[in-house]
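Student: No sequence on hand, only this structure:
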């Protein structure tokens, strides 16, 4: 089994404002998440979030020890949320199996044990999106379907941002230590995922864009409100967002995205809205 971990150091706003396109991508974009037969993890120093992709094919892939965490076992002091955006698969937690279909999630609390990942059909593998943050208390393992998610309807067709936010790991759905995770779907013709923009210095956030055609691109905007930059993303690429940065994007075609946050609190609505005339 191949398990690879890359490390991203924290980037400050003054540094980000001076970076060229390659520098921004090196600091914030995770390009190659899903490789068949591999576990690909990125350890970010933004609230110590670990973002990854797990694509089992013929063999079960196991995550139990990751040296970058400094603990004997991966979940000794961590929690994890796993969202399947591929074909049917199974996640085992401490020897117990959970079958995950498309857009179903599994929350696993601190101390859950070894994680095993398998696909129902190696020719049509599951794509397990993996999000982990430090934890200080144990919360129960929960299998979350899209029907279980808390639905929040926002935006409008006139503003090109009519969307439904499916809150998966959220206090109203699933207890967690600090992770918040959800999946946003758009109405036809809507392209903006968040605008007007906001920041929340109490928490970092990461977006994974998926459900896109080969030629579709996301123009993702980031940076301090008065020093905005953009990166262009393809299907199955993720972008890290520090607390000081806006995080908003528009697509050239249909897409969906998974958002995840970690930080000081569990309030989804804790955000500092940025007026349109403050964006430069």
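Tutor: Yep, it's here. Everything numeric here is computed off the predicted structure, so don't read it as measured data. Numbering: from 1, shown residues only.
Student: what's the helix or strand harbouring residue 185 packed up against?
Tutor: In this assignment (DSSP states H and E), residue 185 forms part of strand 180-186. Packed against strand 180-186 by the contact rule (3 or more C-beta pairs under 8 Å, 6 or more residues apart in numbering; DSSP states H and E) you find strand 78-84, strand 163-169, strand 256-263. Every residue, glycine included, has its C-beta placed from N, CA and C.
Student: Which helix or strand lies directly C-terminal to it?
Tutor: strand 198-199.
Student: Mind listing what's buried along the next helix or strand after that following strand?
Tutor: Later in the chain than strand 198-199, the nearest helix or strand by DSSP H and E is strand 203-210. By 16 or more other C-beta atoms under 10 Å, the buried positions in strand 203-210 come out as 203-210.
Student: would CSV of the residues you listed with distance to residue 51 and pLDDT be doable?
Tutor: As requested, the buried residues of strand 203-210 are arranged in CSV below (distance: C-beta to C-beta, whole Å; pLDDT from 0 to 100):
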residue, distance to residue 51, pLDDT
203, 15, 90
204, 11, 94
205, 11, 96
206, 6, 98
207, 10, 98
208, 8, 98
209, 13, 98
210, 13, 98
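Student: Pipe these into TSV and attach distance to residue 116 per row.
Tutor: Below are the buried residues of strand 203-210 laid out as TSV (distance: C-beta to C-beta, whole Å):
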residue	distance to residue 116
203	30
204	28
205	28
206	24
207	27
208	22
209	27
210	23
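Student: quick one, the longest helix along the chain and strand 203-210 angle?
Tutor: Criterion DSSP state H: the longest helix present in the chain is helix 21-28. Calculated by axes from the mean of the first three to the mean of the last three C-alpha atoms, to 10 degrees, helix 21-28 forms an angle of 110 degrees with strand 203-210.
Student: Just say helix, strand or coil for the closest residue to residue 127 other than its chain neighbours.
Tutor: Leaving aside its sequence neighbours, residue 127 sits nearest to residue 86 (C-beta to C-beta, 6 or more residues apart in numbering; 3.1 Å). What DSSP: H, G, I helix; E, B strand; the rest coil gives for residue 86 is coil.
Student: Based on its surroundings, how many neighbours for residue 86?
Tutor: Residues lying near residue 86 (other C-beta atoms under 10 Å) number 22.
Student: How about residues contacting the strand holding residue 185?
Tutor: 81, 83, 103, 105, 107, 131, 146, 149, 161-170, 193, 203, 254-262, 266, 268 (C-beta atoms under 8 Å, 6 or more residues apart in numbering).
Student: Sheet partners, orientation included, of it?
Tutor: Sheet partners assigned to strand 180-186 using DSSP bridges are listed as strand 163-169 (antiparallel), strand 256-263 (antiparallel).
Student: mind listing what's buried in stretch 95-107?
Tutor: Neighbour-count burial for stretch 95-107 [16+ other C-beta under 10 Å]: 98, 100, 103-107.
Student: Tell me where the model's unsure across the chain.
Tutor: Applying pLDDT under 70 to the chain flags the ranges 1.
Student: now do 50
Tutor: Within the chain, no stretch has pLDDT under 50.
Student: the helices in this protein, which residues?
Tutor: Using DSSP H, the helices of the chain run over 13-18, 21-28.
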